[in-house]
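Colleague: got a structure for you, letters missing:
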């Protein structure tokens, strides 16, 4: 092999001297097939400095029209620029060799088809290892890197010089993408130690040369994508020094570059938007016992940076009208709304406090009057993201400010046109109906019900009206009351809703459903609905019980109560008395009135609704019970503050079909007292009655 290639290249020189085109084309086919053999030993010889020019010469004769003059371009037109003198001769030779090999692969040799991806895999591997060696050699030359970053950070550096320096650094970072994970960590740690972020801050703030800014953005992408925590730490340290104003912070420099992008399509702004989302994503923020990066960085962001993101929106929506509605401004506002929606979804109370204090949603919904549909949809998307959290603070803010009015107005102005705007608004209202957001359902029906009554091509608004009527029938204390208590945790001096708490309690509830006989009663978790109601023949025991014992007189279960222990007469939910009552022929329970309550049923023998197996009362969907009230109350005032009236579960829930017992609201005391039994001889005046 060592002799074959040199002799073959000697033949090439002879053919070129005598201009033997037939022989030169044959040599071209031979050399090309040598590359396609994918032999590393062959490539190592062919790409040596002694033979590489002849190899490139052979590859020039691939057509009858004449040579392509690749050697002339590489020797004359391609210029190597040393931004900082390189003293290592081996490094210099390796850089030149890698450039020539890359040129052969990208320009001279044919592009592999989809089915020939590995046709030149050995040549690609050769380039890969060369780049790794170049990066390692430059990384070890600390004097070289210090000089590069020093010149980049200097304000006195000429624009042409800075352009060359940032171009070198961009290519240097692109070479580092070939390194293994451990080697890349060392690489970026070295750049951070040398001061890559202060240098990038100067380059990004340069207004005179767009190419410098573009190259700096690419370098910033490499750094942020690899280690966002390193960038966040640098940004927070800028404020700790006390010497930087808000406008000079690296984060704000990036925001100003994004909002000031002159391109109509905002190519740079879109790239920077993705970087800002990475920096603001709590999922990649570190947490330890000493410090929490999420709390620290988000506090820094909302104190020093958030105002720059909202400034263009606020400046363009003064006096409830859009000042500028041309395409470039609308496109920029759409990007900013995308970033704000990301914050609403991930930042919980930080962004909630900012939105409510600045009345930001009102200004954003002014954009629904824009003539650009994509901007209107962006504003709706922001509102939809906010309502999708089902946060009571947001809901009250929307209701008190009447902030749904622009949405309803735009919906009615759109008419019956079937377009994306129509579908987006209908989906918004349908979400409120399906998720049973009571406060918003009541607000929509009470304020906008008449305006939306004529929209009958979908059942959304009819469904909202029915929901509202159900709330009224159940006697809910105000439609703004949340359907379930919200679990909260205290974080950093603020209360934050724990989104997982309800899921865990539901899981316990479904597990307890598998064995109803062992539990003694079937019902929702106590944390959601307070104490259960235990059926006792024809009576019900109201308790917040933790243990049960046998009632010898009645044969039922009586729970040990905390603070309150009472029995009440139970009335069947379906309008008839429970089996075992005086009206059904059972034993007398001491009721002063022997007549059953009037349920409006024409038949004299009401159906038996008792549950002898589980000793529970069967609950039914409220819509199917026109003769039954939808509230529970203790007549003699025994109930405490925890016994507030609550609606029964909707039949829309998949688990409601398997739930069998009514629920009651007992004492919230945690003391464990001895159980007390009320016999049938107790005075009725002392015994509270449970009315249905």
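Modeller: Everything's here; your move. Quick caveat, the model's predicted, so the values are computed rather than measured.

Colleague: could you give the mean pLDDT of the helix or strand residue 165 falls within?
Modeller: Secondary structure from DSSP states H and E places residue 165 in helix 159-176. Taken as a whole, helix 159-176 has a mean pLDDT of 91.

Colleague: Give me the contact list for that helix.
Modeller: Outside helix 159-176, the residues within contact range by CB atoms under 8 Å, 6 or more residues apart in numbering are 81, 83-84, 131, 134-135, 138, 148, 151-152, 157, 184, 187-188, 191, 196, 199, 203, 206, 208-209, 211-212, 215-216, 218-219, 222-223. All C-beta atoms are positioned from the backbone trio N, CA, C, and that covers glycine.

Colleague: Tell me the buried residues in that helix?
Modeller: 162, 163, 164, 165, 166, 168, 169, 170, 172, 173, 175, 176 (16 or more other CB atoms under 10 Å).

Colleague: go on, stretch 255-275?
Modeller: Neighbour counts using 16+ other CB under 10 Å place 255, 257, 258, 259, 261, 266, 268, 269, 271, 272, 273, 275 of stretch 255-275 among the buried residues.

Colleague: Quick check: the third one is in a strand.
Modeller: Right, residue 258. No - per DSSP: H, G, I helix; E, B strand; the rest coil, residue 258 lies outside any strand segment and is helix.

Colleague: Contact partners for it?
Modeller: Residues in contact with residue 258 (CB under 8 Å, 6+ apart) are 268, 269, 272, 273, 276, 335.

Colleague: Which members of those residues occur in strands, if any?
Modeller: Among the contacts of residue 258, none falls in strands (DSSP state E).

Colleague: from these, which ones fall inside helices?
Modeller: 268, 269, 272, 273, 276, 335 (DSSP state H).

Colleague: Just name the shakiest helix or strand of this structure by mean pLDDT.
Modeller: Across the helices and strands of the chain, mean pLDDT, DSSP states H and E gives its lowest value to strand 633-634, namely a mean of 34.

Colleague: export the ones in helices among the contacts of residue 258 to TSV and tack on distance to residue 439?
Modeller: Shown next, in TSV, are these (distance: CB to CB, whole Å):
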residue	distance to residue 439
268	42
269	37
272	38
273	33
276	33
335	31
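
Colleague: Quick check: which element contains the spatially closest residue to residue 95 that is not a sequence neighbour?
Modeller: The shortest distance from residue 95 to any non-neighbouring residue, by CB to CB, 6 or more residues apart in numbering, is to residue 134 (6.1 Å). Residue 134 is located in helix 121-140, with elements delineated by DSSP H and E.

Colleague: Tell me which other helices or strands that helix touches.
Modeller: Applying 3 or more CB pairs under 8 Å, 6 or more residues apart in numbering; DSSP states H and E, one finds that helix 121-140 makes contact with helix 40-46, helix 89-103, helix 142-153, helix 159-176, helix 181-194.

Colleague: 7 Å instead?
Modeller: Here helix 121-140 touches helix 40-46, helix 89-103, helix 159-176, helix 181-194, going by 3 or more CB pairs under 7 Å, 6 or more residues apart in numbering; DSSP states H and E.

Colleague: Pipe these into a markdown table and attach distance to residue 417 per row.
Modeller: Shown next, in a markdown table, are the helices and strands packed on helix 121-140 (distance: least, CB to CB, whole Å):
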| stretch | distance to residue 417 |
| --- | --- |
| helix 40-46 | 64 |
| helix 89-103 | 55 |
| helix 159-176 | 49 |
| helix 181-194 | 52 |
